[in-house]
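A.B. asks: just a sequence and a predicted model for now, questions to come.
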Amino acid sequence: MNSGQPSPCNLAVAKYQALGNSYIVLDPRDFIEDDCARIALDESGFPRRELIAILCDADRGIGSNGVLFGPLAPSGTRTFFSLTIINSDGTLAGFSGNGIRIFAQYLADNGDVQIGSSIRFDIDDDSQRTGRKFVPFEY
């Protein structure tokens with residue numbers, strides 16, 4: 001019998017650090033129409049601000065400077081990836097050099113890219129009111 005409470009779920013996260021910044025990686029491929037997706041993501045398919053705040057808080061969650069949400073809508077080329085960088089308060093962060101560095105390592109660890117690859121990132125950069133930013137990266 002359901003008590004009306006959301007069912008618990010296991011949320012897959014990865015935490016990386018680079019040059020003094022730490023980020024939690026949330027991979028949207030891990031949210032496939034299950035209870036975790038309904039609990040963790042808002043109507044538009046992005047992580048809820050409340051989830052970001054809890055995850056990034058060192059006392060209540062893992063502790064981090066923010067969340068890297070991607071790869072979004074992978075192109076299938078293995079050289080072009082979309083990414084949204086989110087501050088610890090749930091707002092869009094725009095560009096982060098350390099965030100890109102961490103995300104490239106995550107992609108390599110996950111088998112999405114090979115070390116020595118040239119890859120390009122499409123970053124949601126609404127924080128600068130410029131829309132999207134395309135960033136080449138050698139890994």
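C.D. replies: Cool, got the structure.
A.B. asks: what comes into contact with the longest helix along the chain?
C.D. replies: Counting residues, the longest helix in the chain under DSSP state H turns out to be helix 97-109. Applying CB atoms under 8 Å, 6 or more residues apart in numbering, the external contacts of helix 97-109 come out as 14, 16-21, 23, 25, 27, 66, 68, 70-71, 81, 83, 85, 93, 113-115, 119, 121, 123, 135, 137, 139. (Each C-beta comes from the backbone N, C-alpha and C, glycine too.)
A.B. asks: from those, keep the buried residues only.
C.D. replies: Neighbour counting by 16 or more other CB atoms under 10 Å classes 14, 16, 18, 21, 23, 25, 27, 66, 68, 70-71, 81, 83, 85, 93, 113, 119, 121, 123, 137, 139 among the contacts of helix 97-109 as buried.
A.B. asks: and the average pLDDT for the longest helix of the chain is what?
C.D. replies: Mean per-residue pLDDT for helix 97-109: 90.
A.B. asks: next SSE downstream of that helix?
C.D. replies: Heading C-terminal from helix 97-109, the first helix or strand you meet, by DSSP states H and E, is strand 118-124.
A.B. asks: what is that following strand packed up against?
C.D. replies: Applying 3 or more CB pairs under 8 Å, 6 or more residues apart in numbering; DSSP states H and E, one finds that strand 118-124 contacts strand 80-87, helix 97-109, strand 132-138.
A.B. asks: looking at the ones you listed, which one is packed in the most?
C.D. replies: Using mean count of other CB atoms under 10 Å, the stretch among the helices and strands packed on strand 118-124 with the largest mean neighbour count is strand 80-87, at a mean of 21.
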